[in-house]
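K.L.:
sequence first, then the predicted structure:
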Amino acid sequence: MSRSRKFLWIIIISALLAGSFSVPITRAIADTASEISERTAQIQELQRQIDQYQQQINSYHGQAQTLQGEISNLTAQINQINLELRSLALSISNTNLQINDTQAKIAEAERKIGKGQESLGQYLRIIYQNDQESLTSILIKNDTLSDFFNELNSVKTIQDELKVAINNLTEFKTDLEQKKQDLEDRKTELARQQTLTTIEKRSADQIKAKKDRLLKDTRGQESRYQELVKKNQRDIEAIRAQISYLLQYGISAEEAVKYGQLAAIGAGIRPAFLLAELEQESALGANVGKCYIVNMTSGATRRVTNGQIYTKGIHPTRDLPLFLSITAELSKDPFQTPISCGQGWGGAMGAAQFIPSTWMGYRDEVSRITGRRPANPWNMEDAFVAAASKLARDGASSQTRAGEIAASKRYYCGSANSTSSACVNYANSVQRLAAEIEKNL
């Protein structure tokens, strides 16, 4: 057998052996998929139970206000949130599994790239060695013309195999980059789920405290409850407690109510829904944290409180140039203007938490309504108007639960049709808060 053919067979055998190592990884991936599927089924069952509690809560809204009805309503809300927390815990477990699965796939892709590079090196060495021989020397060393042509054919086969190896290597690298992006997306989703869990727990604690306080203040007497109902009409203190995160932007409860009502009425949506949506976004923003840009090229940011660096601070091509333009127009220092931090790409601005590329789609509309040019995402009135306009476009102008749920989903996860537990629970929590705020407006 000629030297070229020997090399060719060595490469083919090594490639076959390398392929056998992917079996355990494939099996592990299949096991992970089965586990994720099982937990997804549990999440769907929990969502069915959550929907049943929502039907109970909806039925209380159409009834006359009574102490027993309010206690039952609060109990249903607490039970609903507890189910949502269980659903979020399962979603977090699924996301962790998906992260581990993606990391295994990245390791597999890197292994394939390593093997591909080895094969490529072998092919290149063989071709280099063949290039050192002239056709005359190859003819002389072969006993027959048949052997001569066989060796020439082997050289061509190796060249063809080289092209295949290069194509495979290119595909492996493309696949690796996609898996790395998938990993970043999973990590971003995990951070959002963990933040939402914190907010949901706070909401559950508030509703439990309200229920306990109601039982204490009324001592189980209907007459005392009816007195409380009258007293709490347009209770600014109650509203202040319900939008505590929003007030961290330096706005008073009275101003929040004023801006919320003006912006919502102008956009054709419910004021209570707008305030609830902005409170939820402010809570997310507070938990994610504030960052300053530290690199004008990469978009890396630094957390204000502890100095933590985020390499994926603000998207360098989609949002960073727009952010620099927005801050320049407003005479703001881009290095001292706060934006949201984030596990994935951050960069959300102001109370409405718009990233720069989203803000640009509403800026002119905000200026037309408020008369402020240029519009300012850090200005509370502009933020309220922008959020109201987006929510109205996304379905909240119907002023129905279904329309508002769709708008909240679009605001939080980008899709009105999302069935992810985090997205559904976020929308439900906005509805709960809106119902509480509505009582005091």
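P.N.:
Structure's in. What do you need? Numbering: from 1, shown residues only.
K.L.:
which strand or helix spans the residue nearest the centre of the chain?
P.N.:
Note on the chain: the residue nearest the mean C-alpha position is residue 189, at 4.2 Å, using Cα atoms, centre = their mean. For residue 189, the host element (DSSP states H and E) is helix 145-218.
K.L.:
that older thread, which non-adjacent residue is nearest the residue nearest to the centre of the chain?
P.N.:
residue 95 (5.6 Å; Cβ to Cβ, 6 or more residues apart in numbering). For glycine as for every other residue, the C-beta is placed from the backbone atoms N, C-alpha and C.
K.L.:
repeat for residue 226
P.N.:
Of all residues not flanking residue 226 in the chain, residue 65 sits nearest, at 7.7 Å (Cβ to Cβ, 6+ apart).
K.L.:
relative to residue 72, how far out is the one you found?
P.N.:
Going from residue 65 to residue 72 by Cβ to Cβ, to the nearest Å gives 12 Å.
K.L.:
on that earlier part again, the residue nearest to residue 226: how many residues sit nearby?
P.N.:
14 (other Cβ atoms under 10 Å).
K.L.:
give me the three-state assignment for it.
P.N.:
Assigned by DSSP: H, G, I helix; E, B strand; the rest coil, the conformation of residue 65 is coil.
K.L.:
going forward, the N-terminal residue is numbered 41.
P.N.:
Shifting the count to begin at 41 puts that one at residue 105.
K.L.:
tell me the pLDDT at it?
P.N.:
Note on residue 105: pLDDT of 77.
K.L.:
and residue 299, by the same measure?
P.N.:
Residue 299 is given a pLDDT of 90.
K.L.:
would you agree residue 332 falls within a strand?
P.N.:
Yes: judged by three-state DSSP, residue 332 forms part of a strand.
K.L.:
do you know how far it is from residue 380?
P.N.:
For residue 332, the distance to residue 380 equals 11 Å [Cβ to Cβ].
K.L.:
quickly list what's touching both of those two.
P.N.:
Taking Cβ atoms under 8 Å, 6 or more residues apart in numbering as the contact criterion, residue 332 and residue 380 have no common neighbours.
K.L.:
higher neighbour count, these two?
P.N.:
residue 380 (25 against 17).
K.L.:
which residue packs closest to the more buried one, ignoring adjacent ones?
P.N.:
Nearest residue to residue 380 in three dimensions, chain neighbours excluded: residue 388, at 3.9 Å (Cβ to Cβ, 6+ apart).
K.L.:
before we move on, what about residue 414?
P.N.:
Excluding the flanking residues, the one nearest residue 414 by Cβ to Cβ, 6+ apart is residue 369, at 4.7 Å.
K.L.:
now for the one you found, how many residues are close by?
P.N.:
Count around residue 369 with other Cβ under 10 Å applied: 13.
K.L.:
distance of it from residue 351?
P.N.:
Taken as Cβ to Cβ, the span from residue 369 to residue 351 is 27 Å.
K.L.:
same check on residue 363?
P.N.:
When residue 363 is compared with residue 351 (using Cβ to Cβ), they lie 17 Å apart.
K.L.:
of those two, who's got more company?
P.N.:
Taking other Cβ under 10 Å, residue 363 and residue 351 do not tie; residue 363 has more neighbours (24 against 9).
K.L.:
quick check: the more buried one touching residue 385?
P.N.:
No: using Cβ atoms under 8 Å, residue 363 is not in contact with residue 385; the gap is 11.8 Å.
K.L.:
shared neighbours, these two?
P.N.:
Overlap of the contact sets of residue 363 and residue 385 (by Cβ under 8 Å, 6+ apart) consists of residue 354.
K.L.:
would you map the strands across this structure?
P.N.:
330-333, 341-343, 349-350, 379-380 (DSSP state E).
K.L.:
now those as JSON lines including distance to residue 319 and mean pLDDT?
P.N.:
JSON lines is the format used below for the strands of the chain (distance: least, Cβ to Cβ, whole Å; pLDDT from 0 to 100):
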{"stretch": "strand 330-333", "distance to residue 319": "17", "mean pLDDT": "92"}
{"stretch": "strand 341-343", "distance to residue 319": "23", "mean pLDDT": "93"}
{"stretch": "strand 349-350", "distance to residue 319": "25", "mean pLDDT": "89"}
{"stretch": "strand 379-380", "distance to residue 319": "16", "mean pLDDT": "92"}
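K.L.:
of all the ones you listed, which one is nearest residue 293?
P.N.:
strand 330-333 (22.0 Å; Cβ to Cβ).
K.L.:
what packs against the closest one?
P.N.:
Counting contacts by 3 or more Cβ pairs under 8 Å, 6 or more residues apart in numbering; DSSP states H and E, strand 330-333 is packed against strand 341-343, strand 379-380.
K.L.:
those: which one's closest to residue 301?
P.N.:
Among the helices and strands packed on strand 330-333, strand 379-380 comes nearest to residue 301, with 26.4 Å by Cβ to Cβ.
K.L.:
residues in contact with the residue nearest to residue 239 when sequence neighbours are not counted?
P.N.:
Excluding the flanking residues, the one nearest residue 239 by Cβ to Cβ, 6+ apart is residue 323, at 5.0 Å. Neighbour list for residue 323: 239, 242, 285 [criterion: Cβ under 8 Å, 6+ apart].
K.L.:
show me where pLDDT drops low in the protein?
P.N.:
Across the chain, the ranges flagged by pLDDT under 70 are 41-70, 101-102, 104, 156, 159-202, 205, 268-276, 326-329, 383.
K.L.:
how about a cut-off of 50?
P.N.:
Within the chain, the set of residues satisfying pLDDT under 50 comprises 41-63, 188-189.
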